[in-house]
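[1] got a predicted structure plus its sequence, pasted below:
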Amino acid sequence: MNDDRIKGSWKEVRGKVQRKWGEITDDELDQINGSRKELAGVIQKRYGRAKDEIERQIRELEDN
C-alpha cells in the first residue's frame, strides 16, 4: 500500500473520521479514498487547524 494511504481498512478509518469530523461529507470521503494527504487537506480547509495538529489526530485515529 502506498505510504500516502491510511494504514488498515479505509472503511473502518472512514467511520472514525465521520465521527470525529462530522462536517466532512460522504462525497469528500469518497474522493479521499484513504489518502492521508487529501484527508489532512480537507480537514485543514474545513476546520482551519494547523497541519501538524491534523496529522497527529489522524495518527491517533489509525492507532485506535
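    Arrived safely, thanks for sending. Numbers count the residues shown, from 1 in each chain.
[2] tell me the centre residue of this protein?
    For the chain, Leu39 is the residue whose C-alpha lies nearest the centre (Cα atoms, centre = their mean; 3.9 Å).
[3] let me see the contact set for that residue.
    With contacts defined as Cβ atoms under 8 Å, 6 or more residues apart in numbering, Leu39 is in contact with Ile6, Val17, Ile32, Ile58. C-betas here are computed from N, CA, C, even on glycine.
[4] do the same with Glu55
    Residues near Glu55 by Cβ under 8 Å, 6+ apart: Ala40.
[5] and the strand or helix carrying it, what's buried?
    When elements are assigned from DSSP states H and E, Glu55 belongs to helix 51-63. By neighbour count with 16 or more other Cβ atoms under 10 Å, helix 51-63 contains the buried residues Ile54, Glu55, Gln57, Ile58, Leu61.
[6] Val13: which of the residues you listed is nearest?
    Nearest to Val13, judged by Cβ to Cβ, of the buried residues of helix 51-63 is Leu61 at 6.1 Å.
[7] gap between the closest one and Glu55?
    Note on Leu61: its distance to Glu55, by Cβ to Cβ, to the nearest Å, is 11 Å.
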